[in-house]
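Asks: turn this into a model:
(2 chains)
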Amino acid sequence: MAAVTFSDVSKTFPDGTTAVSDLDLETEDGEFMVFVGPSGCGKTTALRMVAGLEEISGGEIRIGDRVVNEVSPKDRDVAMVFQTYALYPHLTVYDNIAFSLKLRKEKKEHIDKRVREAARTLGLEPFLDRKPRALSGGQRQRVAMGRAIVREPQAFLMDEPLSNLDAKLRVQMRAEISRLQRTLGVTTIYVTHDQVEAMTMGDRVAVMRKGELQQVAPPQELYDHPLNLFVGGFIGSPAMNLLEATLERSNGGLSAALGDQRLSLGEEALAARPALKRYEGQKVVLGLRPEHLEDAALVTDAPADKRLQGEIELTEALGSELMVHLKVAAPPAVTEEVKELAADIGADVAAELEEAKGEQQTTVVGRFSAESNVKEGETTEVAVDTRALHFFDVESGLGIYDETKGATR
Amino acid sequence: MRRPFDTMLALAAAIAFAFLLLPIVALFLRVAPNDLIGGLGSEEVRDALLVSLKTSAIAHVIVLLVGTPVAYLLGTRSFRGRGLLITLIELPLVLPPAVAGIGLLAAFGRRGLLGDELEALGVRIPFTQTAVVLAIVFVASPFYVRQAIAAFASVDRTLLDASRTLGSGPARTFRRVALPLAAGGLAAGSSLAFARGLGEFGATILFAGSFPGVTRTAPLAIYAELDRSFDSALALGALLVVVSVVVLVAVKALTSWTLFGWTSPSPSAPSTSS
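Replies: Presented below is the predicted three-dimensional model:
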């Protein structure tokens, strides 16, 4: 097992497109590192460079103490798990798992022992004589894991290994892979576009955008203190609501003007984000997480200056909670980052956002308590937990935290 | 509406099959099974078949040995000019065989492009068995290489990637992964190329001539016999049909084995829970 270190790594393809630029990142020995980002952000290319399947255009990748730039894939001592599993259709499950051991010309009894051990761990014992096509998706996924495990590599490299499974199985395999990684303690780099996988599996998560690393942090820190608008909007489901607000001074404190409505920020928000003072009188992007919105009727002491009014467009009762889509009379934040986030969800969402630009209405998603009685079509009052608001610079997209501009946390 | 249309389809099919089968039926109606075996007793027929089988076999080995790496290169790498190279490989398919023959003469003939160099080495190619082999290679190789490119290209790239990360070098990846996975397609292309080579006529007669026992292959012998004895030409023809049918059946069997045997895995496997 070994640390995997990226130093100033970049990748430019022969056609001139840059997939990864100046990536600096250290995955510690035994750590579960998740690379996450929308498609085309360079996460898979970064992983393939570690495996040796893509040449490194600039910088250095080290596995342990060894610089592997010029080392051929077969000598890197890593094991990769592919999105499509990449099992050999002409070999049985047993031979698939044994593939790398046979290449190493290990003793037959030793190979047999290792293959059977892995099969037992993964519950594949009854299927060893089958061909992969006779297996279900989840079983194939396990065979691919088994093939990686028996190598006892320095690091596991996993490229969206769960994206071909259905939702239920994905949840199950997510836990299984996490548990396996913890038991084996092997350094793992896991690539996914699914931010739920990133949050639930990673010791740390690296968010990438257009080939550039945005932020590396443990999941909760990423969620609570996104360095920029992109990270804030990408991490979290349902996503953070992003509105355009103007910071104004009122009653001695600061408040955020959203259209005609005002949210008083209070002492705590200002203490946590001293740099906000410098934005007085300026436009900022205001980020509201759905769970920080609640039906005002259910909150006993929601002051009037910490409420928003909106018309309810849609409610989704999930049993445990009520998802509420409501129209608030305030302009949406439309920046490059927001557009990219929308495009990642779908072309129609991106088109909607383009239409909404400049309008005085934004659809905001709130996660209400299941006891809420709000009805579609009503106009309702929403209590906002203003301590948990997020603020971003309109131009740079950077989170507004400390006095020093653009500084972290 | 439907019935007249169906009748029309059936009619077209009947005409097509009748036309395709008629010559073959005619051939076998004229040749009694005894004549077929008797034909093998004639020295001309035996010689022709031997020349055909020998030259076809040598040509085929060359096609496989050179064509397979070429196909692997073109099937698995993408680079500038790849499309052009594939078109070049397909060129002999559309070239009239007579043109191929005259082209080979122009290249390897005594007064051809490489004539002086070959002369200096003391090598004479035209009108020898070597010329027959070259003509067959030229005309038949695209049938194999084209199919082989497709077979290698349809091998899932990630299977090759996986093999490399699992510890095998590029040569071993080719042998252990690409070759077995493409085998069905390669075999089908190989049979087609062999059949085409066996029937080669135009390029051979121009480039190699028709010398009994040396360059007179079975198709050339049929042509030569036509003047002397229609019956032995028929017998030889019938023999070639038998060989061709055997090859065609082999191709069919291999192709269906490929389709229903091992194929590339579907990327989105059904993920029914286990």
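Asks: chain center to the helix ranked longest in chain A, what's the gap?
Replies: As assigned by DSSP state H, the longest helix anywhere in chain A is helix A:167-184. Centroid separation for helix A:167-184 versus its chain: 17 Å, with C-alpha atoms, centre = their mean, to the nearest Å.
Asks: give the next helix or strand downstream of it.
Replies: Scanning forward in sequence from helix A:167-184 by DSSP states H and E, the next helix or strand is strand A:187-192.
Asks: per-residue pLDDT, the residue nearest to residue A:87 when sequence neighbours are not counted?
Replies: Once flanking residues are discounted, residue A:87 sits nearest to residue A:132: 4.1 Å by C-beta to C-beta, 6 or more residues apart in numbering or on different chains. All C-beta atoms are positioned from the backbone trio N, CA, C, and that covers glycine. Residue A:132 carries a pLDDT value of 94.
Asks: give me the neighbour count for the closest residue to chain B within the stretch 251-400 of chain A.
Replies: Using C-beta to the nearest C-beta, the single residue of the stretch 251-400 of chain A nearest to chain B is residue A:346, 19.4 Å away. Residues contacting residue A:346 under the criterion other C-beta atoms under 10 Å in any protein chain shown number 10.
Asks: against residue B:71, how distant is the residue nearest to residue A:203 when sequence neighbours are not counted?
Replies: Once flanking residues are discounted, residue A:203 sits nearest to residue A:32: 4.6 Å by C-beta to C-beta, 6+ apart. For residue A:32, the distance to residue B:71 equals 42 Å [C-beta to C-beta, to the nearest Å].
Asks: and for residue A:346?
Replies: To residue B:71, residue A:346 is 40 Å away according to C-beta to C-beta.
Asks: next one: residue A:333
Replies: 54 Å.
Asks: ok, residue B:186 next?
Replies: Residue B:186 is 8 Å from residue B:71, by C-beta to C-beta.
Asks: write out the residues of the stretch 51-200 of chain B neighbouring chain A.
Replies: Proximity of the stretch 51-200 of chain B to chain A (C-beta under 8 Å from any C-beta of the partner chain) is limited to residues B:156, B:158-159, B:161-169, B:172, B:177, B:180-181.
Asks: all strands for the stretch 1-150 of chain A, in order.
Replies: Applying DSSP state E, counting those that start in this stretch to the stretch 1-150 of chain A gives strands spanning A:4-12, A:18-27, A:32-36, A:58-63, A:66-67, A:78-81.
Asks: please read the previous query as pertaining to the stretch 151-300 of chain A.
Replies: Going by DSSP E, counting those that start in this stretch, the stretch 151-300 of chain A shows strands at A:155-159, A:187-192, A:204-209, A:212-217, A:241-250, A:253-258, A:261-264, A:283-288, A:293-295.
Asks: just checking, what packs against the longest one?
Replies: This points to strand A:241-250. For strand A:241-250, the elements it packs on are helix A:229-234, strand A:253-258, strand A:261-264, strand A:283-288, strand A:362-369, judged by 3 or more C-beta pairs under 8 Å, 6 or more residues apart in numbering or on different chains; DSSP states H and E.
Asks: most tightly packed of those?
Replies: Neighbour counts (mean count of other C-beta atoms under 10 Å in any protein chain shown) averaged over each of those peak at helix A:229-234, with a mean of 28.
Asks: what sits against residue B:235?
Replies: B:31, B:35, B:36, B:38, B:39, B:45 (C-beta atoms under 8 Å, 6 or more residues apart in numbering or on different chains).
Asks: where does chain A get nearest to chain B, which residue?
Replies: residue A:137 (2.9 Å).
Asks: what number of residues lie near that residue?
Replies: Residues near residue A:137, counting by other C-beta under 10 Å, number 22.
Asks: isn't it up against residue A:162?
Replies: No: look at residue A:137 against residue A:162 with C-beta atoms under 8 Å: they stay out of range, at 9.7 Å.
Asks: skipping adjacent residues, who's closest to residue A:129 in space?
Replies: In space, residue A:129 is closest to residue A:92, 5.5 Å off (C-beta to C-beta, 6+ apart).
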